[in-house]
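# fold the following, please.
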Amino acid sequence: MTNSISIIPISSLLLILIPVAVVLWIQYKWSLNYKEGMYAVSRMLGQLLIVGYFLGTIFNSDKAWVIVLILVIMVVASSWIALRTITKQRKQLFIIVLISLLVGSVTTLILVTQAVLDFEPWYKPQYVIPLAGMIFANSMNSISLAAERYFDEIGRDIPVVEARNIAFRTAMIPITNSLFAVGLVSLPGMMTGQILSGVDPLIAVRYQIMVMAMIFGAGGISSAVCLSLFVKKSRESLTK
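The predicted structure follows:
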């Protein structure tokens, strides 16, 4: 297999924005919040361009505190973004989400990097940062789904335990669907990238198993901890 991967010209890369423009047009025609979509796409482009310039420097860093600082920024940002759809008590709920990510996601990241892969040094940025990104992003999405559904159910006067269970089931739908689809419907990004880079598919499969297990575990634990703390907070509010 070839060890080279083709470079996408900017002119060709712009073509992928055509379906993005179609979705934004549909949102506009259907009187939906197309401005949010435009902002999200613009922010994505800006963030990726900026991180693209800085990753080379970060990957060459031999200072542990730099990597730890980046991880702290990532987990704090993930905690805040996870509550994007929650308009009430967002600041108060932020601490709950932060704790949930620390319990479910950071511990999973430590397990993967220090036990499964056993890096030397332990903060090897080429691996730690991309893996942290996958874990935090998936856990963030799970918590976001769980939080929105939980407070929707609470708003309908559903008992807190039942609301928790409904919200947890909702949060796990995307991750569970990914487990069902992987290898049958889709080849995930990490596995595809490795294969395109010339890695033996059987080796790529091992890494993908690790990735699927870590995002399922981290997302599930983070959501469960978050919902449990939400229930505790709801019960405390009722007793006051």
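
# top helix in the protein by residue count?
helix 201-239 (DSSP state H).

# which residue ranges of this structure form helices?
Counting by DSSP H, the chain has helices at residues 10-13, 17-29, 34-59, 64-82, 90-101, 107-111, 125-155, 160-181, 189-196, 201-239.

# how about the residue nearest to the spatial centre of the chain: what's its closest non-neighbour residue?
The chain has A137 as the residue nearest its centroid, 1.1 Å off, counting by C-alpha atoms, centre = their mean. What sits nearest to A137 in space, not counting adjacent residues and going by C-beta to C-beta, 6 or more residues apart in numbering, is S78, at 7.1 Å. Placement of C-beta: from N, CA and C, glycine included.

# what about that neighbour, how many neighbours?
For S78, the count of nearby residues is 25 (other C-beta atoms under 10 Å).

# please report the distance of the residue nearest to the centre of the chain from L101.
Distance from A137 to L101, counting by C-beta to C-beta, to the nearest Å: 11 Å.

# who touches both of these two?
By C-beta atoms under 8 Å, 6 or more residues apart in numbering, A137 and L101 have these common neighbours: S78.

# low pLDDT regions in this structure?
Scanning the chain for pLDDT under 70 picks out the ranges 1-6, 185-190, 192-193, 195-197, 238-240.

# switch the cut-off to 90
1-14, 31-34, 47-67, 84-92, 117-130, 178-209, 211-212, 234-240 (pLDDT under 90).

# can you give the domain ranges for the protein?
If you go by automatic domain parsing, the domain ranges for the chain are 7-60, 62-239.

# the residue lying closest to I173 once chain neighbours are set aside and F168, how far apart?
Nearest residue to I173 in three dimensions, chain neighbours excluded: L145, at 7.7 Å (C-beta to C-beta, 6+ apart). From L145 across to F168, the span is 10 Å (C-beta to C-beta).

# who has more neighbours out of those two?
Counting neighbours by other C-beta under 10 Å for L145 and for F168 shows that L145 has the greater number, 23 against 20.

# in contact with that one, which residues?
Taking C-beta under 8 Å, 6+ apart, one finds 167, 170-171, 173-174, 223 in contact with L145.

# and which of those is nearest to D62?
S223 (35.6 Å; C-beta to C-beta).

# how close does that closest one sit to A146?
S223 is 4 Å from A146, by C-beta to C-beta.

# which residues are in contact with each of these two?
Joint contacts of S223 and A146 (C-beta under 8 Å, 6+ apart) are 167-168, 171.

# out of the residues you listed, who's nearest S178?
Among these, and counting by C-beta to C-beta, the member closest to S178 is A171, at 13.0 Å.

# excluding its backbone neighbours, what's nearest that closest one?
Using C-beta to C-beta, 6+ apart, the closest residue to A171 is A146 (3.8 Å).

# can I assume that neighbour is in contact with C226?
Yes: counting by C-beta atoms under 8 Å, A146 touches C226, with 6.1 Å between them.

# which one's more surrounded, the two?
C226 (32 against 28).

# what separation is there between that one and R90?
14 Å.

# same question, D62
38 Å.

# ok, those two, which is more surrounded?
The residue with more neighbours, out of D62 and R90, is R90; 14 against 10, by other C-beta under 10 Å.

# contacting residues around the nearest residue to that one once chain neighbours are set aside?
Spatial nearest neighbour of R90, chain neighbours left out: L83 (5.0 Å); criterion: C-beta to C-beta, 6+ apart. Neighbour list for L83: 90, 93-94, 97, 144, 147 [criterion: C-beta under 8 Å, 6+ apart].
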